[in-house]
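[1] What would the 3D arrangement of this be:
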Amino acid sequence: MWVMRCRAISYIVVVASLTLQAGCGGGSSAGAPSGSTNTQTMGPVRFTYSGRSFQETAATSNSVSVTGAAGAAFSQLTFNPAPNLADTVIAYDEGDQLLLYHCATGNSTFLQTNLVYAYQPSCSADGRIAFVGLDPASGNYQIFTCYQDGSHVTRITSAAYNHSNPSWGPMNRKIVFENSSNSAIATIPSTGGTETALGIKGDYPSYSPDGNSIIYTKTAAKELYLYNTSTKAASLFFDSDAPTFGVFAPNDAEILAAVAISGNTDIAILNTSGLGIQLTGGATDFHPTGSPDSTQVAFVRISGSQTYLDTAPMYLGASPTVIASADALGDTPQDPSWSPFLGSQEFIGTGAPMGISAAGFLWSQAGTSFAGLVSFGATTPSKATVTPQTTGNGAAIVELIAADEVTTLSYTNSYYVPPVSVTVDSPQVLVSFDPTTGQIATVASFVSMKKGASTRDASRLVFNGTFTGVYDRTGKNIAPGGGSQLVLNAKTGAMVAG
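    Residues are numbered from 1 along each chain as shown. Here you go, the predicted model:
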């Protein structure tokens, strides 16, 4: 059975006074013999570079840290994050709109998909979310996918009927779902294409992590079935006295199920023989989803006239914690899906999203969680430098990238969301990071910048010089005409004037 334990998430808070630094260079250097190719690590970052040496840089503010390297030809950069519940989210719907509960902060935010109706989310291992949405073109409910920031909304299905209850298959290659009109279960490639009927009917289909089985419910019969993806045969798994729901646990050996126990519908862990351990009691609990470290379960609880989204450690008698409740309109949280841990991701290299090479990079963390990544190219990589311009005391972290010419720059504020790329073609680029979230707030390309940045007051950071463009966190150029003075909000790093 699962190990019954909880994980505590801790943060290291670094407090420092605000300092302003001018010029290029700075930071420590590390290196290897001239002309050699070497691989090195910085925390979760592993990179390969060629050249005699490279410059390292680091800055902190609040619990946000920014680390980077420059001055060499970097041919590969990969993140290998340690498993961390703070990096996960629980997707759910409320009032036909999607929300994300962020395990790092304990807050929920709306996932903006620009669809009138969006519900029944399912989290993938590559940062995407499959969900049901009302297709404005066909008028049918189709399966869509998007990233955890709501970007890149893509319709996956197109058949002229309503679809429901999507669930990801292994390696994020397939999605299983049901036909809402007749409960027929089918699969489709996660990029879209031809639907494949499985010849079975039921509700709430869900893949096992290894892809060998699909569990589904026959709601009217109050039964759970297992479908073998190799033999194409289905068999009865569990017979309950109440409507049931089942989903495979992350460890692949057990099933989290809502079953009838002592007159209530409670959450239980079932092994492959159907024998189980009761986890919850005293209310009506359903739609469980397990944390990726197998220590907690999230589920929907109906208690009296109230409906909640709760989490609880995986042992009987633990007190559930309410993480979401009905909104002001009375809409209740439903259909939770806990995202997996972050996996290894290559950002620079052959076929990587930030290109095959770079002259330097900066990556930020909020506590222990990934927050943002910047990579940049230069005409002469060995001349590239990165210098902190501010650090500490709750102020935005601002870094100055300099080279004979910075040619390209890519950045992202989400681990899996494809980065935005901007053409800067200037010798200097300022990059600011929000000191609360760690995300990239502003990117500004300078033809020249005067020595010495200064704070006009406690709320602003002022940089004087000739800049040609300013890009916000989404990659939009918000000052295409350029200017001679850039003013940033000292608390967020966002541009307030220029």
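[2] so how many other residues sit close to the nearest residue to residue 271 once chain neighbours are set aside?
    Spatial nearest neighbour of residue 271, chain neighbours left out: residue 254 (5.6 Å); criterion: Cβ to Cβ, 6 or more residues apart in numbering. Just so you know, the C-beta spots here come from the backbone N, C-alpha and C atoms, and that holds for glycine as well. When neighbours are defined as other Cβ atoms under 10 Å, residue 254 has 20 of them.
[3] got it, and residue 64?
    Counted with other Cβ under 10 Å, residue 64 comes out at 25.
[4] Cross-check the contact I'm expecting between it and residue 368.
    No. At 11.3 Å, residue 64 and residue 368 do not qualify as touching, with contact defined as Cβ atoms under 8 Å.
[5] So residue 363 sits against residue 66, correct?
    Yes. Residue 363 sits in contact with residue 66 when judged by Cβ under 8 Å, with a separation of 7.3 Å.
[6] Those two: who's more crowded?
    Ranked by neighbour count (other Cβ under 10 Å), residue 363 and residue 66 place residue 66 first, with 28 against 23.
[7] Go ahead and measure how far whichever helix or strand that one is part of is from the middle of the chain.
    Using DSSP states H and E, the element containing residue 66 is strand 64-79. On the basis of Cα atoms, centre = their mean, to the nearest Å, strand 64-79 sits 21 Å off its chain's mean C-alpha point.
[8] Can you tell me which helices and strands that strand packs against?
    strand 37-42, strand 45-50, strand 53-61, strand 345-348, strand 358-366, strand 369-378, strand 385-391, strand 397-412 (3 or more Cβ pairs under 8 Å, 6 or more residues apart in numbering; DSSP states H and E).
[9] and if we set it to 7 Å?
    Using 3 or more Cβ pairs under 7 Å, 6 or more residues apart in numbering; DSSP states H and E as the contact test, the elements touching strand 64-79 are strand 45-50, strand 53-61, strand 345-348, strand 358-366, strand 385-391, strand 397-412.
[10] And these: which comes nearest residue 330?
    strand 358-366 (33.7 Å; Cβ to Cβ).
[11] Just the CA trace of that closest one, in CSV.
    Provided in CSV are the C-alpha atoms of strand 358-366 (Å, rounded to 0.1, in the frame of the first residue of the first chain):
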residue,chain,number,x,y,z
ALA,A,358,23.0,30.5,-26.6
ALA,A,359,25.6,33.0,-25.2
GLY,A,360,24.0,33.0,-21.8
PHE,A,361,20.9,32.3,-19.7
LEU,A,362,19.1,33.5,-16.6
TRP,A,363,16.6,31.4,-14.6
SER,A,364,14.5,32.3,-11.6
GLN,A,365,12.9,30.5,-8.8
ALA,A,366,10.2,31.4,-6.3
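[12] From the contact counts, what lies against it?
    strand 64-79, strand 369-378, strand 397-412.
[13] That strand pairs with which strands, and in what direction?
    strand 64-79 (antiparallel), strand 369-378 (antiparallel) (DSSP bridges).
[14] Could you dump these into TSV and include distance to residue 226 and mean pLDDT?
    Shown next, in TSV, are the strands paired with strand 358-366 (distance: least, Cβ to Cβ, whole Å; pLDDT from 0 to 100):
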stretch	distance to residue 226	mean pLDDT
strand 64-79	36	96
strand 369-378	36	96
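[15] Kindly state the pLDDT recorded for residue 283?
    On the pLDDT scale, residue 283 is placed at 88.
[16] give me the number of residues near it?
    16.
[17] Please apply the same query to residue 49.
    Around residue 49 there are 27 residues (other Cβ under 10 Å).
[18] What's the separation between it and residue 421?
    21 Å (Cβ to Cβ, to the nearest Å).
[19] cool, residue 184 as well?
    From residue 184 to residue 421 the distance is 43 Å (Cβ to Cβ).
[20] can you check residue 360 too?
    Relative to residue 421, and taking Cβ to Cβ, residue 360 is found at 15 Å.
[21] ok, these two, which is more surrounded?
    residue 360 (27 against 15).
[22] Surely residue 90 and residue 300 touch.
    No. Look at residue 90 against residue 300 with Cβ atoms under 7 Å: they stay out of range, at 11.4 Å.
[23] Overlap in contacts, these two.
    Jointly contacting residue 90 and residue 300 under the rule Cβ atoms under 7 Å, 6 or more residues apart in numbering are residue 336.
[24] Doesn't residue 86 belong to a helix?
    Yes. Using DSSP: H, G, I helix; E, B strand; the rest coil, the secondary structure at residue 86 is a helix.
[25] What about it, how many residues nearby?
    17.
[26] Same question for residue 107.
    So residue 107, with other Cβ under 10 Å, has 10 neighbours.
[27] what's the spacing between the residue nearest to residue 271 and residue 339?
    On the measure of Cβ to Cβ, residue 254 and residue 339 end up 19 Å apart.
[28] Now for the closest residue to residue 348 other than its chain neighbours, how many residues are close by?
    The shortest distance from residue 348 to any non-neighbouring residue, by Cβ to Cβ, 6+ apart, is to residue 77 (3.9 Å). Other residues near residue 77 come to 25 when the count uses other Cβ under 10 Å.
[29] Next, the contact list for residue 77, please.
    Taking Cβ under 7 Å, 6+ apart as the test, what residue 77 contacts is 45, 47, 347, 348, 361.
[30] One more pass at 8 Å, please.
    Going by Cβ atoms under 8 Å, 6 or more residues apart in numbering, residue 77 touches 45-48, 346-349, 352, 354, 358, 361, 375.
[31] Pretty sure residue 236 sits in a strand.
    Yes. According to three-state DSSP, residue 236 belongs to a strand.
[32] Report the separation between it and residue 108.
    37 Å.
[33] Neighbour count: these two, which is higher?
    residue 108 (18 against 12).
[34] in terms of contact, does the more buried one touch residue 102 like I think?
    Yes. With contacts counted by Cβ under 8 Å, residue 108 reaches residue 102, the gap being 7.3 Å.
[35] And residue 329, how far from residue 114?
    Taking Cβ to Cβ, one finds residue 329 at 20 Å from residue 114.
[36] Would you reformat the strands paired with strand 358-366 as CSV and include distance to residue 260?
    Shown next, in CSV, are those (distance: least, Cβ to Cβ, whole Å):
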stretch, distance to residue 260
strand 64-79, 44
strand 369-378, 39
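[37] Brilliant, that's me finished.
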